[in-house]
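S.K.: Curious how this folds, go ahead:
(chains A, B, C and D)
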2 protein chains.
Amino acid sequence: MKLTDAEWQIMNVLWERYPATARGIAERLPKEVEWAYTTIKTLLARLVEKGAVKENKKGNTSLYEPLLSKQNARRNALKSLVNQAFDGAFGPLMHFLVEDQKLTESQKKELLKAIERQNKKEKT
Amino acid sequence: MKLTDAEWQIMNVLWERYPATARGIAERLPKEVEWAYTTIKTLLARLVEKGAVKENKKGNTSLYEPLLSKQNARRNALKSLVNQAFDGAFGPLMHFLVEDQKLTESQKKELLKAIERQNKKEKT
DNA sequence: TGACAACTTCTACAACTGTAGTAGAATCCT
DNA sequence: AGGATTCTACTACAGTTGTAGAAGTTGTCA
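M.R.: Numbers count the residues shown, from 1 in each chain, chains lettered A, B, ... in the order given. The predicted model follows:
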């Protein structure tokens, strides 16, 4: 399941809080995004159609909630990127991140801690 | 500069070896990719148009070479992904990679070493 | 109960993408 | 030189994406 740019905008808001109405989503989109209400409805319809969102008609109004989890969406997106741009392996991506992206001190510490934590979990 | 899926295929081959002819690219595309020769020409034309590739007519035939570097393409792609799917910050991406993507022992070691190396470089 | 507001469904449409055919120009082989 | 091969330039066309209007339907408030 691949999301388009516009769809990510919607999903990001939806994951924050759901179920949500189209109106509610409209209100919580970042200010830079100035879409007509019907644009949002169209996007939602497409997301429902592709099975990323569930629609629940409550009387006059629809409530939406995600079917695709944020985590899965991230996984998919990452996988696509890795396939496309990093020879299909996480290694090159990691390498690139560390070598190219000038991590700050604290980011590095964060990273080390995260690895630690993960190591512990694995020992369980 | 954003590349499409098909364009990545071309660029990946072109970065491997250039200057290259359209024919040469055709031959070095992964076997699964079975495009008509003219498809490749079309893609190349689009890449030239958007300034990612330079075309050099040598008599009858064109030679192509990248203007956009692999590194820059990767940077852009990563940036887009981070903006779209990881709240615009590398932190969450790192976190996700470490927590979700079950790095193997050796990947973790690699990562630690890379961080080490980068630390040293910075001290210069 | 009628007018206004808010929702919904349908339709639209231009730009971008994936994919390729056609026709004419250049090159090469015998 | 003439046919076969290979290029290039141009055109095409369906599907996807971004973006939204129009018109009909439901809810609400005086």
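
S.K.: quick one, what contacts residue A:62?
M.R.: A:21-22, A:44, A:55-56 (Cβ atoms under 8 Å, 6 or more residues apart in numbering or on different chains). To be clear about C-beta, it is placed using only N, CA and C from the backbone, and glycine gets the same treatment.

S.K.: Around chain B, pick out the residues from chain A.
M.R.: Residues of chain A lying close to chain B by Cβ under 8 Å from any Cβ of the partner chain are A:5, A:8, A:71, A:73-75, A:77-78, A:81, A:84-86, A:90-91, A:93-101, A:103, A:107-108, A:110-112, A:114-115, A:117-119.

S.K.: tell me the contacts of residue A:108?
M.R.: Residue A:108 makes contacts with B:115, B:118-119, as judged by Cβ under 8 Å, 6+ apart.

S.K.: Just send these back as JSON lines, with secondary structure, neighbour count and distance to residue B:32 too.
M.R.: JSON lines is the format used below for these (DSSP: H, G, I helix; E, B strand; the rest coil; neighbours: other Cβ atoms under 10 Å in any protein chain shown; distance: Cβ to Cβ, whole Å):
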{"residue": "B:115", "secondary structure": "helix", "neighbour count": "19", "distance to residue B:32": "36"}
{"residue": "B:118", "secondary structure": "helix", "neighbour count": "16", "distance to residue B:32": "36"}
{"residue": "B:119", "secondary structure": "helix", "neighbour count": "12", "distance to residue B:32": "41"}
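
S.K.: quick check, nearest of the residues you listed to residue A:63?
M.R.: Among these, residue B:115 lies closest to residue A:63 (Cβ to Cβ), at 45.6 Å.

S.K.: Spell out which parts of chain A neighbour DNA strand D.
M.R.: A:2, A:4-7, A:34-36, A:38-39, A:41-43, A:59-60 (Cβ under 7 Å from any atom of the strand).

S.K.: between the residues you listed, which is nearest chain B?
M.R.: The nearest member of those to chain B, counting by Cβ to the nearest Cβ, is residue A:5 at 6.5 Å.

S.K.: quick one: the closest one and residue B:84 touch, right?
M.R.: Yes - proximity of residue A:5 to residue B:84 meets the contact threshold set by Cβ atoms under 8 Å, at 6.5 Å.

S.K.: can you pull out the helices in chain A?
M.R.: Assigned by DSSP state H, chain A shows helices spanning A:5-16, A:22-28, A:37-49, A:70-85, A:90-100, A:105-123.

S.K.: name the helices or strands packed onto the third one?
M.R.: It stands for helix A:37-49. helix A:5-16, helix A:22-28, strand A:53-58, strand A:61-66 (3 or more Cβ pairs under 8 Å, 6 or more residues apart in numbering or on different chains; DSSP states H and E).

S.K.: hey, which of these is tucked in deepest?
M.R.: helix A:5-16 (a mean of 18; mean count of other Cβ atoms under 10 Å in any protein chain shown).

S.K.: Go ahead and name everything in contact with it.
M.R.: Applying Cβ under 8 Å, 6+ apart, the external contacts of helix A:5-16 come out as A:3, A:20, A:25, A:28-30, A:33, A:40, A:43-44, A:46-47, A:52-53, A:64-66, A:68, A:70, A:73, B:84-85.
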